[in-house]
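In: Got a sequence here, can you model it:
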Amino acid sequence: MSAFKHALAARDAHIRTLHIALVALFLLASGMGFGWYSAPRQLTVYLPPDLRAASQRPWWEVPPATVYAFAFTVFQQINRWPTSGETDYPHNLNVLRSYLTPGCYRQIEQTFRQRQQNGELRDRVRGVYEIPGRGFSDKQVQILDRDNWVVTLDLTVDEYFHSEPVKRATIRYPIKVSRYDIDKQKNPWGLALDCFASLPQKLEAATS
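Out: Numbers count the residues shown, from 1 in each chain. This next block holds a predicted model:
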């Protein structure tokens, strides 16, 4: 009789052990499922432009070349008025709004309205491009912290009224760039222009 009771007690102990193991497995599976569900579905990894050599960096670190390319591309597109600044300027702002911080968008929009009221945009054609020899270099990108940079763009600005040239200037634009990773569909760069870090400076005509 005692042997039978001992066998029953051992069986019950084994069942309790299995119950504990099942509960532990359930909790572990639930934790893994929650982690999988809450993990980001997309992850931006910034790679250096030259992949001939290996590169080791934190996934969240944005290479200076990427920051420069972003700042130049967006700034150039904002200031590309192929037909008339009165229509092209607001169109560009609307298209590129996701690449501007809210404060920068309001600042540029205000500048547009002021220039429109002064009659500076109608039939005005404009374009900006890099000064030869003044493209990307490490000194053109100042790293403020992990999420903020100041990019120095040395550009030539050409403006025409109808077919008549009215402006050609070489200007240094110090542009602030911030991490702005809030909408991958509208802004795959994960960056945004935060307007000028300081006042632009006119360069000498003989810039090399």
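In: What are the buried residues along the lengthiest strand in the chain?
Out: Taking DSSP state E as the criterion, the chain has its longest strand at strand 164-179. Within strand 164-179, the residues scored as buried using 16 or more other CB atoms under 10 Å are 170-173, 175-177, 179. In short, each C-beta sits where N, CA and C put it, glycine included.
In: cool, and stretch 192-207?
Out: Result for stretch 192-207 [16+ other CB under 10 Å]: buried residues 192-194, 197, 203.
In: ok, now stretch 111-119?
Out: 112, 115.
In: mean confidence for that stretch?
Out: Here stretch 111-119 scores 92 as its mean pLDDT.
In: Now do it: distance to the chain's middle.
Out: Its chain's C-alpha centre and that of stretch 111-119 lie 28 Å apart, by CA atoms, centre = their mean, to the nearest Å.
In: Need the mean per-residue confidence for the host helix or strand of H19.
Out: Taking DSSP states H and E as the definition, one finds H19 inside helix 2-38. Taken as a whole, helix 2-38 has an average pLDDT of 72.
In: again, but for stretch 155-166
Out: Averaged across stretch 155-166, the pLDDT comes to 91.
In: want to throw the buried residues of strand 164-179 into JSON lines with pLDDT and distance to V151?
Out: Below are the buried residues of strand 164-179 laid out as JSON lines (pLDDT from 0 to 100; distance: CB to CB, whole Å):
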{"residue": "T170", "pLDDT": "94", "distance to V151": "17"}
{"residue": "I171", "pLDDT": "95", "distance to V151": "14"}
{"residue": "R172", "pLDDT": "96", "distance to V151": "11"}
{"residue": "Y173", "pLDDT": "97", "distance to V151": "8"}
{"residue": "I175", "pLDDT": "97", "distance to V151": "5"}
{"residue": "K176", "pLDDT": "98", "distance to V151": "8"}
{"residue": "V177", "pLDDT": "98", "distance to V151": "6"}
{"residue": "R179", "pLDDT": "95", "distance to V151": "14"}
